[in-house]
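Trainee: model the structure of this input:
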Amino acid sequence: MRIRDRKNHPLYATRRRLAVSLGALSFVLLAAGCSEGAKEYEVPKALCGVDVPADVLDPLLPDGEKVSERSKTASGVKRCYVSVDDKVALSTSVEWYEADTPVAEVAEKTIGADPGDKVSADKRYSYSGKGGAGLIRCEDSSAIDKDVDGDLYTTVRVGGDDSVDAADVLKMVEAYTAGAPAAGECEVDL
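Mentor: Got it, this is the predicted structure:
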């Protein structure tokens, strides 16, 4: 009995074409994965003067080539807009609300937040995959605006249509809320 040469076997050509096709497909997918989906910019370490760790901010920003920020203050609200490739990717604010306003209500008034969003056990933070709010704790609130009987809150809104991990938003809200007093937000009349 004679053993057939492998190259003459009927399935040899089919297997070879399949292997070449899979190799080419793998190469194309690998090349596509490397050329897209990268942050070519350095993630900021502060947002409009408020220090925020870059590793906290990073998961909330999309891939792109350049990042920029601008701030705007009006009517008791200080806003910071972070854009990636000229599209707003994240916005934050420091703003006044009546004293003892529940943080969930503040978050509800934030774009993308819903009344059913998560609230921390201490009721200081409300958050979801689209944004959140936090109550700023100022050591001496008497130096703030004497005409306002209220509390300062931060808000964070994630841009785009997709939600991000709610736990990442909570970390950002906590970091931005903690950083605001050190940036002088408790000493400024907005």
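
Trainee: wait, S83 touches E65, no?
Mentor: No. The criterion here is C-beta atoms under 8 Å, and S83 misses it with E65 at 11.5 Å. C-beta: built from backbone N, CA, C; applies to glycine.

Trainee: so between these two, which is more surrounded?
Mentor: When S83 and E65 are compared for neighbours, S83 comes out ahead with 18 against 11, by other C-beta atoms under 10 Å.

Trainee: helix, strand, or coil at the more buried one?
Mentor: strand (DSSP: H, G, I helix; E, B strand; the rest coil).

Trainee: number of nearby residues for the nearest residue to it once chain neighbours are set aside?
Mentor: Excluding its sequence neighbours, the residue lying closest to S83 (C-beta to C-beta, 6 or more residues apart in numbering) is S68, at 5.1 Å. By other C-beta under 10 Å, 12 other residues sit near S68.

Trainee: and what about S68, helix, strand or coil?
Mentor: Going by three-state DSSP: S68 is strand.

Trainee: tell me the contacts of it?
Mentor: The neighbours of S68, taking C-beta atoms under 8 Å, 6 or more residues apart in numbering as the test, are V82, S83, D86.

Trainee: how about 10 Å then?
Mentor: Shown in contact with S68 (C-beta atoms under 10 Å, 6 or more residues apart in numbering): Y41, P44, Y81, V82, S83, V84, D85, D86.

Trainee: what do you get for G150?
Mentor: G150 touches G76, E95, W96, Y97, E98, A99, D100, T101, S141, I144, counting by C-beta under 10 Å, 6+ apart.
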